[in-house]
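**Student:** Provide a 3D model corresponding to the input given below.
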Amino acid sequence: MSLLLNSIDSLRQTLLERAALGDEELEVLSRHVRLRNLDKNALLIAEGEVENHLNFVVEGVVRIFFYKDDKEVSFDFFFPGSFVSAYESFLDRQPSDHYIEALTPLVVLSINRADLDHLYASSPRFERLGRIFTEEVFKKIAEHARDLLSLSATERYRKLLQKSPEFVQNIPLKYLASYLNVTPESLSRIRKNL
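**Tutor:** Below is the predicted model of the structure:
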């Protein structure tokens, strides 16, 4: 029970940083979220499945990846305090074209699509919060795309280290290299030089 309360508090703090939700709204939200513990390497969703949950990362590191030419391509990482979902699948109800994997033991709070839609309909503040998170997802994707086109591999790695130094240690080299669009050997050289 204590893990659930701590997890709810973590979610509450993250939400309050972004939108002014009242105690009553936070209480309503807490009744709709479910605590999930996942083992390292467990999948939150697999390619071909329809995403039914929006997840808040309480503890652990998450990776989004897909296969291209039988090779895994890491698309993004999520750390505590982040929301993660197969967003396109969640929004348009189509099968996901990627996987979401726990890189470490993972604790998430999840809300299903029907409950989230109910919250959006119940309060303009929830709807505003949904818009804020959608904008954050868009900005994160746009920033990563821009970084891949405008920054060197060393600059991209340094930027990732600045944002989340304590979590980068939990990401295997091959996944980091894929995300940064370099070979593992090149990333080893970059790390050595830094």
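**Student:** alpha carbons only for contacts and neighbour counts from here, please
**Tutor:** Will do.
**Student:** Name the nearest residue to the residue nearest the centre of the chain, sequence neighbours excluded.
**Tutor:** The residue at the geometric middle of the chain, judged as the C-alpha nearest the mean C-alpha position with CA atoms, centre = their mean, is residue 84 (3.2 Å). The shortest distance from residue 84 to any non-neighbouring residue, by CA to CA, 6 or more residues apart in numbering, is to residue 55 (5.2 Å).
**Student:** Is it correct that the one you found falls within a strand?
**Tutor:** Yes. Using DSSP: H, G, I helix; E, B strand; the rest coil, the assignment for residue 55 is a strand.
**Student:** Quick check, it in contact with residue 81.
**Tutor:** No. Contact status for residue 55 versus residue 81: not in contact, 10.2 Å apart, counting by CA atoms under 8 Å.
**Student:** which one of those two has more residues nearby?
**Tutor:** Taking other CA atoms under 10 Å, residue 55 and residue 81 do not tie; residue 55 has more neighbours (22 against 17).
**Student:** Tell me who's in contact with the more buried one.
**Tutor:** With contacts defined as CA atoms under 8 Å, 6 or more residues apart in numbering, the neighbours of residue 55 are 83-85, 108-111.
**Student:** doesn't residue 51 fall inside a strand?
**Tutor:** No. Read with three-state DSSP, residue 51 is coil and lies in no strand.
**Student:** Show the pLDDT at it.
**Tutor:** If you check residue 51, the pLDDT there is 95.
**Student:** and if you look at residue 1?
**Tutor:** For residue 1, the pLDDT comes out at 51.
**Student:** again with residue 167
**Tutor:** In this model, residue 167 is scored at 68, pLDDT.
**Student:** same deal with the one 4 residues further on?
**Tutor:** Residue 171 is assigned a pLDDT of 87 by the prediction.
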